[in-house]
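Peer 1: give the three-dimensional model of this entry:
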Amino acid sequence: MNKPGLTYNTEKEQIVISEYGRCVQEMIKKLPEIEDREQRTEAAKYIISVMVQMNPSIKQSSDYEHKLWDHLYMISGYNLDVDSPFAPPIPVEQQSKPQHIGYQNNDIKYGHYGQYLIKMIEAASQEENDEVREALAYSLASQMKRNYLEWNKSVVNDQVIIDDLKTISSGRLIITDESRLNSNNDMPGKGQQQPKQQQQQGKKKKKKVPNLKANMNNPNNPAYKKRMQELGKM
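Peer 2: Residues are numbered from 1 along each chain as shown. The predicted model follows:
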């Protein structure tokens, strides 16, 4: 339904920088209509102050004034002739797309162990000394359990760790004694509860404060008898 004087925002010009709103954008679009350069510059400075009020978070930046003037030029379509304290931005630099940084193509099959641990396993598998390689195998297996518990259940089957270690190292790192691995209770897994001693640590028992008034009224209390003797009642 079309009514005279009624328009929708979807029918209007797209907002260049939404943080400042449509009213600020319309004010900036009117700046070139001011013929006097000094008046046009003063109007631009006033709009800058309004832009700060509309987007106060920009003041967190050390060079926020420079950014405000750049935004002023950008909203105007780089068609603004005023005495700016900063050099006008170049449209080509502002509109050019940043270079794509690319994506990593690493295998994430064992991502729950972490890429650094995978690299450590691959490096340890190249060790020629059997004793050193065996010691590294148990150390890496224990670390694999810790990393596993960070992303999975609170309990992990040691055989899963042993099989994964053997697979990642291409059969070079083999665990023969499961008892040498850290138990699940020693791992910082999920769902573990602190021992009752730790939970109760810091809880101080309240000392029972004797009721002096009640004791003084007790005839069997020696203090009561002494008090009565002093008053001459006994």
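
Peer 1: residue 74 contacts residue 17, correct?
Peer 2: Yes - counting by CB atoms under 8 Å, residue 74 does reach residue 17; the two are 6.9 Å apart. In this view, the C-beta of every residue, glycine as well, is placed from N, C-alpha and C.

Peer 1: ok, those two, which is more surrounded?
Peer 2: Using other CB atoms under 10 Å as the criterion, residue 74 and residue 17 rank with residue 74 on top: 18 against 15.

Peer 1: now that one: which helix or strand?
Peer 2: Secondary structure from DSSP states H and E places residue 74 in helix 64-75.

Peer 1: so which bits of that helix are buried?
Peer 2: Neighbour-count burial for helix 64-75, counted by 16 or more other CB atoms under 10 Å, picks out 64, 67, 68, 69, 70, 71, 72, 73, 74, 75.

Peer 1: over to stretch 140-149?
Peer 2: Buried, per 16+ other CB under 10 Å, within stretch 140-149: 140, 141, 143, 144, 145, 146, 147, 148, 149.

Peer 1: how is the chain partitioned into domains?
Peer 2: 11-94, 115-190 (automatic domain parsing).

Peer 1: to residue 226, which of these lies closest?
Peer 2: Ranking those by proximity to residue 226 (CB to CB) places domain 115-190 first, at 60.3 Å.

Peer 1: the closest one - what's its average pLDDT?
Peer 2: Averaged across domain 115-190, pLDDT comes to 85.

Peer 1: mind listing the helices for the protein?
Peer 2: 21-30, 37-54, 64-75, 91-95, 115-124, 130-151, 158-168, 196-200, 212-216, 222-230 (DSSP state H).

Peer 1: please work out the average pLDDT along stretch 13-30.
Peer 2: 90.

Peer 1: if I look at residue 68, how far off is residue 56?
Peer 2: Residue 68 sits 12 Å away from residue 56, going by CB to CB, to the nearest Å.

Peer 1: let me fix that, I meant to ask about residue 17.
Peer 2: Counting by CB to CB - residue 17 and residue 56 are separated by 15 Å.

Peer 1: OK, contacts around residue 68?
Peer 2: Counting by CB atoms under 8 Å, 6 or more residues apart in numbering, residue 68 touches 48, 51, 52, 58.

Peer 1: pLDDT score for the first one?
Peer 2: Think residue 48. 94.

Peer 1: how many neighbours does it have?
Peer 2: Neighbourhood size, residue 48 [other CB under 10 Å]: 16.

Peer 1: ok, for it, nearest residue in space, not its chain neighbours?
Peer 2: Closest residue to residue 48 apart from its sequence neighbours, by CB to CB, 6 or more residues apart in numbering: residue 68 at 5.2 Å.

Peer 1: quick one: the closest residue to residue 58 other than its chain neighbours from residue 22, how far?
Peer 2: Among residues not flanking residue 58 along the chain, residue 64 sits closest, at 4.8 Å (CB to CB, 6+ apart). As judged by CB to CB, residue 64 and residue 22 stand 22 Å apart.

Peer 1: please list all residues in contact with residue 13.
Peer 2: residue 25.
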